[in-house]
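Enquirer: after the sequence you'll find the predicted model.
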Amino acid sequence: MRSRLMAVAFGVLAVAVTAVGCDENEDTRVVDDAASAPATAYSGPLSDSAERALECESKVFSKGGADRWGEGDAGASPEEGLKLYFEIEQPDVPRTGYREERREGDRVLYSLDVDGRTKVAVIVAKGGEGRPGWGPESSAQCDPAELPESYTDSGPYEIWTDERGRRVPVTEVHSGEGAEHCDWQKAHVLSTGWGKGGRLFARDPEGVLPPGSLTARYDGSARLPGDARDTGYRYGDWELWLSDATPTKAYVRTPDGVEAWPATKEGFGCR
């Protein structure tokens, strides 16, 4: 599951809700019969978790089952059941480009594939206690960094690359603007890990973050410590450097110099 701290820090919750497109035309086709198919179709039982149909390069990012719904929400077809998944779960994944990968009785597996590998899987089913008609039974997705660039370029996560130019999982490193609903857009937050072992650093040149939320002041004209090491992580022309001697600062090297982003204090987040 996603870390609540990261969600409030980056405003992911707000973005995930609005990204669905509240004014999206209900007739929009989420299923594209011409979408690329996986190299090898999933052959396992559809009664299991949709996670088994994924082909992730890193760890599974999220998974789960749907809540109950009423008669007025139920889908009359498998594709309408897939649309109901977006309405109920509000997932941070593309809303188009899915294809029917497999059908087994009253269950259908829909997949979103990138370069022939399944990155989002949704199993919709017909009927069930508290679930009339067609609707989502289980779903799972790979790390956002494995989703199409055309989608992530406008998403909440800034996807970094490694020394070989490969996109890095957001659970390893990512950045993004501060939460809009807290008016933090002029600040930037950097994550160098996910969960208990992760750390957050912030770029706040205009002081929009709450007083006392950072371990030090942002320094836009810093010097790299002698032991600073290049992590190989890149986002555009930003380079991420870290130092064991000063673990509470992340050093971002730019064409204009070096910036020191201080770590955030415990409990940091937008409420």
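Expert: Ah, there it is.

Enquirer: longest helix of this structure?
Expert: helix 78-89 (DSSP state H).

Enquirer: so what touches whichever helix or strand comes after it?
Expert: Next in sequence after helix 78-89, counting helices and strands by DSSP states H and E, comes strand 99-104. Taking contacts as Cβ atoms under 8 Å, 6 or more residues apart in numbering, the residues outside strand 99-104 that touch it are 31-33, 35-38, 41-43, 45-46, 53, 78, 108-111, 113, 118, 121. Where you see a C-beta, it was placed from the backbone N, CA and C, and this is true even at glycine.

Enquirer: count of neighbours near the closest residue to Tyr42 other than its chain neighbours?
Expert: Nearest non-adjacent residue to Tyr42, counting by Cβ to Cβ, 6 or more residues apart in numbering: Ala53, 4.2 Å away. Neighbour count of Ala53, defined by other Cβ atoms under 10 Å: 25.

Enquirer: surely Ala53 touches Pro45?
Expert: No. At 10.5 Å, Ala53 does not count as touching Pro45 under the criterion of Cβ atoms under 8 Å.

Enquirer: pull the distance from the longest helix of the chain to the chain's centre.
Expert: Offset of helix 78-89 from its chain centre (Cα atoms, centre = their mean, to the nearest Å): 19 Å.

Enquirer: name the residues that touch that helix?
Expert: Contacts for helix 78-89 (Cβ under 8 Å, 6+ apart): 20, 26, 29-31, 64, 66-67, 69, 73-75, 91, 95, 98, 100, 103, 108, 110, 122, 124-126, 133-136, 139.

Enquirer: tell me the domain ranges of the chain?
Expert: Following automatic domain parsing, one gets these domains for the chain: 20-144, 155-262.

Enquirer: lowest average pLDDT across those domains?
Expert: When the domains of the chain are compared on average pLDDT, domain 20-144 comes out lowest at a mean of 88.

Enquirer: which of the contacts of strand 99-104 are buried?
Expert: Burial by neighbour count, judged by 16 or more other Cβ atoms under 10 Å, picks out 31, 38, 42, 46, 53, 78, 108-111, 113, 118, 121 from these.

Enquirer: could I get those residues as TSV with secondary structure and distance to Ser191?
Expert: Formatted as TSV, the buried ones among the contacts of strand 99-104 follow (DSSP: H, G, I helix; E, B strand; the rest coil; distance: Cβ to Cβ, whole Å):
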residue	secondary structure	distance to Ser191
Val31	strand	34
Pro38	coil	30
Tyr42	coil	32
Leu46	coil	35
Ala53	helix	28
Pro78	helix	37
Val108	strand	36
Leu109	strand	32
Tyr110	strand	30
Ser111	strand	28
Asp113	strand	27
Thr118	strand	26
Ala121	strand	26
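
Enquirer: what is the burial count for Ser139?
Expert: Applying other Cβ under 10 Å, I find that Ser139 has 25 neighbouring residues.

Enquirer: over to Pro211?
Expert: Pro211, neighbours per other Cβ under 10 Å, totals 6.

Enquirer: ok, now Arg223?
Expert: Look at Arg223: counted by other Cβ under 10 Å, it has 11 neighbours.

Enquirer: surely it touches Val258?
Expert: Yes. Look at Arg223 against Val258 with Cβ under 8 Å: they come within range, at 6.3 Å.

Enquirer: all helices of the stretch 51-200 of the chain, in order?
Expert: Using DSSP state H, counting those that start in this stretch, the helices found in the stretch 51-200 of the chain span residues 78-89, 149-152.
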